[in-house]
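Enquirer: Pasting the sequence and the predicted model now:
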Amino acid sequence: MSSHNTEKLRILYVKALWFLNFHVYFYWFLLAVKKKVGLGTWAWGNKLLWDYKTNIDSDLLETYKEAIKRGFYLIDTADSYGTGELNARSEKLLGEFINKYSFQEKNKIKIATKLAPYP
């Protein structure tokens with residue numbers, strides 16, 4: 001087997017292990033969360049599908065506050081929720097919003113995130 005093929009196999013193996021480990025831990029994490037519904041943040045930074053503009057950030061903060069007030073402590077985000085000049089916008093906004101809360105409130109929040117591994 002050539003070294004090029006060996007390297008391809010190694011990369012596939014690493015990706016498969018990452019994928020498997022990520023999903024095992026992610027599902028274990030979901031079992032630990034009491035609510036069955038969480039707050040999704042895909043639209044926070046996505047211009048293409050959701051027509052996101054930075055002038056709605058104050059509305060997103062109000063949405064976040066209302067979700068926390070109602071007990072939605074599971075928040076789904078990803079580094080790809082916001083691309084180009086808005087790279088990782090969802091995660092940045094989430095960090096800003098969470099920092100407005102006390103330590104006790106922050107402790108209740110569970111964040112589900114993901115990433116895409118590139119070789």
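Expert: Thanks, I have the structure now. Numbers count the residues shown, from 1 in each chain.
Enquirer: Spatially nearest residue to Trp50, not counting backbone neighbours?
Expert: Nearest residue to Trp50, sequence neighbours excluded (C-beta to C-beta, 6 or more residues apart in numbering): Ala43, at 3.8 Å. Any C-beta I mention is one placed from the backbone N, CA and C, and that applies to glycine too.
Enquirer: ok, the one you found - contacts?
Expert: 49-50, 52, 81 (C-beta atoms under 8 Å, 6 or more residues apart in numbering).
Enquirer: neighbours around Ile109, how many?
Expert: 16 (other C-beta atoms under 10 Å).
Enquirer: That one and Ala67 touch, don't they?
Expert: No: contact between Ile109 and Ala67 fails when scored by C-beta atoms under 8 Å: they sit 10.2 Å apart.
Enquirer: From what I see, Thr113 and Thr77 are in contact.
Expert: Yes: at 5.1 Å, Thr113 counts as touching Thr77 under the criterion of C-beta under 8 Å.
Enquirer: Compare these two (neighbour count), which wins?
Expert: Thr77 (25 against 16).
Enquirer: Please read off the pLDDT at the more buried one from the model.
Expert: Note on Thr77: pLDDT of 87.
Enquirer: Quick check: it touching Leu115?
Expert: No: at 10.7 Å, Thr77 and Leu115 do not qualify as touching, with contact defined as C-beta under 8 Å.
Enquirer: Take the contacts of Ala43 and keep only those in helices.
Expert: 49-50 (DSSP state H).
Enquirer: Quick check: of the contacts of Ala43, which has the highest neighbour count?
Expert: Tyr81 (27 neighbours).
Enquirer: Next one: it from Thr113, what distance?
Expert: According to C-beta to C-beta, to the nearest Å, Tyr81 stands 9 Å off from Thr113.
Enquirer: residues bridging contact with the two, i.e. touching both?
Expert: Glu91.
Enquirer: Perfect, that will be all.
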